[in-house]
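Q: Need a 3D model of the following:
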Amino acid sequence: MSARALSVLTVGAALLIAGCSSSEGGTALPASSSAATGSTTAPTTAAAPTTTSNPPSTSTQPATSAVSSSVEGAVQRYETFLGAIGREDVTTVCEIAGPAAKKAEDEGFGTCEQTIPITFQMISATQKRALRSATVDESRITKDSATKVEIPASAVKASVKFTDSDLGDATMEYRGGKWYVVDN
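A: Predicted structure coming up:
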């Protein structure tokens, strides 16, 4: 069950839709809604928690627009997302998975703030520790378009091996100057 919860969480959209105890990521519904519409409110919300929670995340935020809109930018943002899952950082997880969170909420699941803590409980302590320092092998990513990439679970490199059934694949989309985990 923890493997399915982690899979749902990472995919973001599947997180909410799969319903492993209604899993989704979010601190504030407005942040999720803003992220879904591409507003700058959501990025501001996540910038502070990301900076204080994970120093490498800070370096992804000030990246140049050329880097942030590239596959490298998607990788950096997804690594921030994985680290936030490992730290149980609801604010950052929900900001990055905002579009998926909003869709799931519209489909009847609870808000990110309500559902993501339940999902965190289903992830083992070992998996959480591994996610805190997980990286992504950029060579395994598929670029669907200039603004959308697919990150397979096999691209995640961590001290624990994650499979499709553990982590699932993630779709990242570039919206409003940032990459977000979106619905597949």
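Q: residue contacts, residue 149?
A: With contact taken as Cβ atoms under 8 Å, 6 or more residues apart in numbering, residue 149 is in contact with 71, 74, 141-143, 171-172. Every residue, glycine included, has its C-beta placed from N, CA and C.
Q: Could you rerun that using 6 Å?
A: 71, 74, 141, 143, 172 (Cβ atoms under 6 Å, 6 or more residues apart in numbering).
Q: looking at this protein, which helix or strand does the model trust least?
A: When the helices and strands of the chain are scored by mean pLDDT, DSSP states H and E, helix 13-18 comes last with a mean of 33.
Q: Could I have the CA atoms of the longest helix anywhere in the chain written out in PDB?
A: Longest helix in the chain, counting residues (DSSP state H): helix 71-87. Taking Å, rounded to 0.1, in the frame of the first residue of the first chain, the C-alpha atoms of helix 71-87 are listed here in PDB:
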ATOM      1  CA  VAL A  71      14.300  19.800 -19.600                       C
ATOM      2  CA  GLU A  72      17.000  20.600 -17.100                       C
ATOM      3  CA  GLY A  73      14.500  23.000 -15.400                       C
ATOM      4  CA  ALA A  74      11.900  20.200 -15.300                       C
ATOM      5  CA  VAL A  75      14.500  17.900 -13.700                       C
ATOM      6  CA  GLN A  76      15.500  20.400 -11.100                       C
ATOM      7  CA  ARG A  77      11.800  21.100 -10.200                       C
ATOM      8  CA  TYR A  78      11.000  17.400 -10.000                       C
ATOM      9  CA  GLU A  79      14.000  16.800  -7.700                       C
ATOM     10  CA  THR A  80      12.600  19.600  -5.500                       C
ATOM     11  CA  PHE A  81       9.300  17.800  -5.600                       C
ATOM     12  CA  LEU A  82      10.800  14.400  -4.600                       C
ATOM     13  CA  GLY A  83      12.800  16.000  -1.800                       C
ATOM     14  CA  ALA A  84       9.600  17.700  -0.500                       C
ATOM     15  CA  ILE A  85       7.800  14.300  -0.400                       C
ATOM     16  CA  GLY A  86      10.700  12.900   1.600                       C
ATOM     17  CA  ARG A  87      10.600  15.800   4.000                       C
END
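Q: Perfect, that will be all.
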